[in-house]
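S.K.: sequence first, predicted coordinates after that:
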Amino acid sequence: MNRQTSRVNIVKLILYILKRAWLVILCAEVGFGAAYLHDARQTMDTYTAQGTMYVNNANPSLENYQYTNTNDLDSAVQLIDTYLIVVKSDKVMESVAKKLAADYPGITANQIARSLSMASVSETGVAAVRSTTENAKMSVDIVNAVLEVAPDEIIRVVNAGNIEIIDYAVVPVFPDSRNTMQKGMLGGMVSAVLALGLLILLFLLNTRITSMDELTEIYTPPVLASILRIKKEQGEEEPSDFILTNQSPMEIIENYAKLRMNLLYTLVGKKSKTVVVTSSISGEGKSTISSNLAISCSMSGKKVLLVDGDLRRACLRDFLNYDKHAEGLTEALVGSCRWQDVVLHNIRETLDVLPAGHFPPNPAELLESDVMMQLLGEFEEAYDLVLIDMPPINIVADPLVISAQVAGCIFVVRQNYSDHRDIRNALISAEMTGMDVLGFVFYGENVNQAGYYNRRYYKSYYRKYDYRRNPVGTAEVPQANKNNNENGNDE
């Protein structure tokens, strides 16, 4: 009953993310702001002082610097890392700490070492000694102290010829440029990636029906129609579901007309004219669909009987506004009355309704009885079409017990509510009992009409052909079309 598929629809995933792109953007902005403010508040201004020195490593090829070759310079540059190790040695750092102890009590060799860095100046043999601290003068004093203490130790360790101090450090005027903006951008990127990952995870974990295409791609039964669900207005009491009338929006009337025609087409060649309207779970709108489908069929001139077959939780009386204490199917099944005596005639046009009646203690047994089989035969003799609104298949077995006596069932699937797992279980149950699934009815608030046949098209164009605006029954021809017809052009 369903086509097994495990592949992820990339197009749907992209559309799912694009529709929620605002969430990714919002998370990116929040992440940027949080990282930016955190760095701005928590990070103190730092100052970097720099001094330079030239180390003559006693290589004859480097005695006259202007004639040095590239290999000699590469060797000198590579020695910078060695110089830094020597500079940060305990011997040098302790000496520097002693020099600074008078001006900066409590300063340690480790603090000085952490503030130091060393690099080659423009890939030459000149070494730049830098110190970065939160005190501009401290940075200068550390660099100058290192330039006084380190040369002797460097000469001793690397056997250099001599070291010349090129520039001593001076007090920096401005603090170091912060990377607050970069950290903010990094925070924004991380937040956006996390939001994107969450959306992908939610998409993969979501098993609810979101579009009609999912039904056509995954399951074998056809989609008979897509029906627009009218949203509940604020303060409106339940039930909020829409009941079809002659004054209903024309697009919805046409939706039900399409469902009516497709259903009648599927019944061609079948012995039975009885159709069960059901769903996989409760709350999917089956009672609304069955009521409106019956009204639509009666609008077309067919003599229709709508049976409330939910003997556990009857809902049709709430939609069609008849006495909830009215006798009906239950009383006919137990033999306390004839069904002809309790049927409600001409609820709409040529529509008759058989209420559920009082709730019995054994509904499944009553529906499975020979009396029910006899009643179904009598219904079909008296009416052109019989629709039975029954409970969801996954909740009770009531719809399945009459599977052999009906033409089949139609499944109501509600957008963003019905679950694939429930639909699969219901289809399996129907298949095991021989219930023919005639097709799905896709019911939702965001039902897309193909091509020109959307809400705007109905309102701006098809309303010209609305019979309710032309009571004589003649559609009003638009002026542009009149001119085209007069000129011999067909639209």
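M.R.: Nice, thanks for sending it over. Numbering: from 1, shown residues only.

S.K.: the longest helix seen in the chain packs against which elements?
M.R.: For the chain, the helix that runs over the most residues, judged by DSSP state H, is helix 180-205. Helices and strands touching helix 180-205, as assessed by 3 or more CB pairs under 8 Å, 6 or more residues apart in numbering; DSSP states H and E, comprise helix 10-19, helix 21-42. Every residue, glycine included, has its C-beta placed from N, CA and C.

S.K.: report the angle between the shortest one and helix 180-205.
M.R.: This means helix 10-19. On the basis of axes from the mean of the first three to the mean of the last three CA atoms, to 10 degrees, helix 10-19 is oriented at 130 degrees to helix 180-205.

S.K.: and the contacts of helix 10-19?
M.R.: 24, 196, 199-200, 203, 210-211 (CB atoms under 8 Å, 6 or more residues apart in numbering).

S.K.: and if we set it to 6 Å?
M.R.: By CB atoms under 6 Å, 6 or more residues apart in numbering, the residues outside helix 10-19 that reach it are 199, 203.

S.K.: tell me the buried residues in that helix?
M.R.: 16-17 (16 or more other CB atoms under 10 Å).

S.K.: neighbours around the residue lying closest to residue 344 once chain neighbours are set aside, how many?
M.R.: In this structure, residue 344 finds its nearest non-sequential neighbour in residue 353, 4.5 Å apart by CB to CB, 6 or more residues apart in numbering. Look at residue 353: counted by other CB atoms under 10 Å, it has 25 neighbours.

S.K.: reduced to three states, what does residue 353 come out as?
M.R.: At residue 353 the chain is in strand, as set by DSSP: H, G, I helix; E, B strand; the rest coil.

S.K.: report pLDDT for it.
M.R.: Residue 353 is assigned a pLDDT of 94 by the prediction.

S.K.: now swap in residue 254 and tell me
M.R.: Taking residue 254 on its own, its pLDDT is 90.

S.K.: how far does the host helix or strand of it sit from its chain's centre?
M.R.: Secondary-structure assignment from DSSP states H and E places residue 254 in helix 250-266. How far helix 250-266 lies from its chain's middle: 31 Å, per CA atoms, centre = their mean, to the nearest Å.

S.K.: over to stretch 168-176?
M.R.: The answer for stretch 168-176 is 53 Å, by CA atoms, centre = their mean.

S.K.: list of residues touching it?
M.R.: For stretch 168-176, contacts defined as CB under 6 Å, 6+ apart pick out 45-51, 136-137, 140, 143-144.

S.K.: if you count neighbours, what's buried in it?
M.R.: By 16+ other CB under 10 Å, the buried positions in stretch 168-176 come out as 169, 172.

S.K.: and residue 243, helix, strand or coil?
M.R.: Quick answer, by three-state DSSP: residue 243 is coil.

S.K.: quick one: the residue nearest to residue 29 when sequence neighbours are not counted and residue 159, what's the gap?
M.R.: Counting by CB to CB, 6+ apart, residue 29 lies nearest to residue 188, which is 6.8 Å off, once chain neighbours are set aside. Distance check for residue 188 against residue 159: by CB to CB, to the nearest Å, it reads 52 Å.

S.K.: more neighbours, the two?
M.R.: residue 188 (21 against 9).

S.K.: before we move on, the earlier item: so which of the contacts of stretch 168-176 are in helices?
M.R.: Those of these mapping onto helices are 136-137, 140, 143-144, per DSSP H.

S.K.: most neighbours among those residues, please name it.
M.R.: Of all the ones in helices among the contacts of stretch 168-176, residue 143 has the most neighbours under the rule other CB under 10 Å, reaching 26 neighbours.

S.K.: where does the record place the domain boundaries for this structure?
M.R.: 12-42+178-205, 47-167, 212-448 (automatic domain parsing).

S.K.: can you say which of the ones you listed is packed in most?
M.R.: domain 212-448 (a mean of 19; mean count of other CB atoms under 10 Å).

S.K.: quick one on the thing from earlier: dump the ones in helices among the contacts of stretch 168-176 to CSV, plus distance to residue 28.
M.R.: Listed next are those as CSV, based on distance: CB to CB, whole Å:
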residue, distance to residue 28
136, 36
137, 41
140, 41
143, 41
144, 45
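
S.K.: for the chain, name the helix or strand with the lowest mean pLDDT.
M.R.: helix 479-486 (a mean of 40; mean pLDDT, DSSP states H and E).

S.K.: that older thread, what's near enough to touch the residue nearest to residue 29?
M.R.: Residue 188 is in contact with 28, 31-32, counting by CB under 6 Å, 6+ apart.

S.K.: identify, from these, the entry nearest to residue 316.
M.R.: Nearest to residue 316 among the contacts of residue 188, counting by CB to CB, is residue 28 at 50.7 Å.

S.K.: any idea how far the closest one lies from residue 19?
M.R.: On the measure of CB to CB, residue 28 and residue 19 end up 17 Å apart.

S.K.: again with residue 30
M.R.: Taking CB to CB as the measure, residue 30 falls 20 Å from residue 19.

S.K.: likewise residue 313?
M.R.: Taken as CB to CB, the span from residue 313 to residue 19 is 36 Å.

S.K.: circling back: mean pLDDT lowest for which of the helices and strands packed on helix 180-205?
M.R.: helix 10-19 (a mean of 83).

S.K.: quick revisit: so what pLDDT did the residue nearest to residue 29 get?
M.R.: 89.

S.K.: how about the strands in the stretch 301-450 of the chain?
M.R.: Here the stretch 301-450 of the chain has its strands, by DSSP state E, counting those that start in this stretch, at 304-308, 344-348, 351-354, 385-389, 408-414, 437-444.

S.K.: just send those back as a markdown table, with distance to residue 290 too.
M.R.: Formatted as a markdown table, these follow (distance: least, CB to CB, whole Å):
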| stretch | distance to residue 290 |
| --- | --- |
| strand 304-308 | 7 |
| strand 344-348 | 13 |
| strand 351-354 | 11 |
| strand 385-389 | 4 |
| strand 408-414 | 8 |
| strand 437-444 | 10 |
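
S.K.: nearest approach to residue 163 belongs to which of those?
M.R.: Nearest to residue 163, of all the strands of the stretch 301-450 of the chain, is strand 437-444, at 80.8 Å by CB to CB.

S.K.: okay, the residue lying closest to residue 203 once chain neighbours are set aside and residue 416: tell me how far apart.
M.R.: Distances taken as CB to CB, 6+ apart place residue 16 nearest to residue 203, at 5.0 Å, with adjacent residues excluded. Distance of residue 16 to residue 416, computed by CB to CB: 12 Å.

S.K.: ok, of the strands of the stretch 301-450 of the chain, where does mean pLDDT dip lowest?
M.R.: Across the strands of the stretch 301-450 of the chain, strand 344-348 has the smallest mean pLDDT, namely a mean of 88.

S.K.: adjacent strands (with direction) for it?
M.R.: Using DSSP bridges, the strands paired with strand 344-348 are strand 351-354 (antiparallel).

S.K.: so how far is the partner strand off the chain centroid?
M.R.: 42 Å.

S.K.: same question for stretch 113-127.
M.R.: Taking CA atoms, centre = their mean, the mean C-alpha location of stretch 113-127 is offset from the chain mean by 52 Å.
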